[in-house]
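>>> 3D model of this:
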Amino acid sequence: MKKCLTVMILFSCILFTGCGPSASVNSQASTDFIGFVTQLENNQVLINDVWFSFDQQTVMLTDQDKKLHKEDIKMGKKVNVTFNGEMQESYPRRASADQMVFLTDKESKIEETVVNLVMSDPRFSQVVIQSIEKNPTGLYSLRFKDLSLDRDVHVMVNVENERVIVPIHTSTK
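Next comes the predicted model:
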């Protein structure tokens, strides 16, 4: 009888803990997304791995509150996009932008240079940014997917010398 009661209590606990409210992946709250412009087609812009659509109601401005237009969108620009939280899970993902704020601080401008150096390198095309960070050596580490090669790529960028360095991978096998 004790075993049966213990099993029923355990089963009840498991059942009730699984019946709480679920968290939705695509919430309706406003969400921010920071990344770099790598493609622009019609009224869509690829920022990192998300195609953001925009229209007349989409607010476009700089972080200095200067109003911008579609013609002002340039490749490599760092942008903070606000959207309604709904994102299609395709690759690249898709969402609708409510606001695009183009960042103009010193670090953002340097990172734009890094992204533009990679995008202008003839070894790469269709760049989808995954991450960018500054190393202690002063070089920038940039990880991206090259859709034309269908391959993840990791490069180092020397901004001072305007050089993109592709590490050589050696195998001991």
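>>> any idea how far the closest residue to residue 108 other than its chain neighbours is from residue 55?
Among residues not flanking residue 108 along the chain, residue 78 sits closest, at 4.2 Å (CB to CB, 6 or more residues apart in numbering). C-beta: built from backbone N, CA, C; applies to glycine. Residue 78 is 22 Å from residue 55, where distance means CB to CB, to the nearest Å.
>>> break the protein down into its domains, please.
31-102, 106-165 (automatic domain parsing).
>>> so what's residue 121 up against?
residue 164 (CB atoms under 8 Å, 6 or more residues apart in numbering).
>>> so it versus residue 166, what's the distance?
Taken as CB to CB, the span from residue 121 to residue 166 is 9 Å.
>>> over to residue 114: give its phi and psi.
Backbone torsions for residue 114, taken as degrees, to the nearest 10, come to phi -60, psi -50.
>>> quick check: closest non-adjacent residue to residue 123.
Nearest non-adjacent residue to residue 123 (CB to CB, 6+ apart): residue 166, at 7.1 Å.
>>> wait, that neighbour touches residue 142, no?
No. Taking contacts as CB atoms under 8 Å, residue 166 lies outside contact range of residue 142: 10.7 Å.
>>> one step back: ok, residue 78 and residue 55, which is more surrounded?
A count of neighbours by other CB atoms under 10 Å puts residue 78 above the other of residue 78 and residue 55, at 23 against 9.
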